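Q: show me how the following folds:
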Amino acid sequence: MSDFLPEKLTILAFEKAAAETNSHVRNRKITHIKNYLQQHKNIHQDTSGSLKRMYKKYIEKEKNVPETTEQSLSYLAQYLGYENYLDFVYKQNNPTEKTTPEPKESDGFVEVLSLIHI
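A: Residues are numbered from 1 along each chain as shown. Predicted coordinates:
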């Protein structure tokens, strides 16, 4: 997975959290996003660790940070108002589209790579 869109998503999410909390403290922004996901998106999994790793990798530019899962990216996308990470990717690549088309099944595989321009 290319790091460009995960990095863009992470930056946008943490900029939004900074504006909403009026704080640039990493842990305050992480807590804000985690609380939003729990209260508004019914996500009760503890996302603090994933959010912290994403912040370190994409904001602080630390090396040797584990790969980010698509689920973690989807949580951040939901925080920004997207349905999930694939919706974010599609709308970044097709900014004039209002909705994301349903993925097509072909030979038992879902064709989602066509949504991502590599």
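Q: the spatially closest residue to Thr21 that is not a sequence neighbour: neighbouring residues, count only.
A: Nearest in space to Thr21, with sequence neighbours left out and distances taken as C-beta to C-beta, 6 or more residues apart in numbering, is His32 at 4.9 Å. To be clear about C-beta, it is placed using only N, CA and C from the backbone, and glycine gets the same treatment. As a burial measure, His32 scores 19 neighbours (other C-beta atoms under 10 Å).
Q: next structured bit after the helix or strand where His32 lies?
A: Using DSSP states H and E, the element containing His32 is helix 26-40. Beyond helix 26-40 on the C-terminal side, the first helix or strand identified by DSSP H and E is helix 48-54.
Q: what's that following helix packed up against?
A: Contacts defined by 3 or more C-beta pairs under 8 Å, 6 or more residues apart in numbering; DSSP states H and E place helix 48-54 against helix 26-40, helix 70-79.
Q: what about the closest residue to Ile43 other than its chain neighbours, distance to Asp46?
A: Take Ile43 and drop its neighbours on the chain: the residue closest to it by C-beta to C-beta, 6+ apart is Leu37, 4.2 Å away. Distance, Leu37 to Asp46, by C-beta to C-beta, to the nearest Å: 10 Å.
Q: please identify the most buried of the helices and strands packed on helix 48-54.
A: helix 70-79 (a mean of 21; mean count of other C-beta atoms under 10 Å).
Q: what's the angle between it and helix 26-40?
A: For helix 70-79 against helix 26-40, the angle by axes from the mean of the first three to the mean of the last three C-alpha atoms, to 10 degrees is 80 degrees.
Q: other SSEs contacting helix 70-79?
A: So helix 70-79, by 3+ C-beta pairs under 8 Å, 6+ apart, packs with helix 4-21, helix 26-40, helix 48-54, helix 85-93.
Q: right, and Tyr82 touches Tyr90 too?
A: No: between Tyr82 and Tyr90 there is no contact under C-beta atoms under 8 Å: 9.0 Å.
Q: the more surrounded of these two?
A: Tyr90 (22 against 19).
Q: can you tell me the closest non-neighbouring residue to Asp3?
A: Using C-beta to C-beta, 6+ apart, the closest residue to Asp3 is Tyr58 (7.5 Å).
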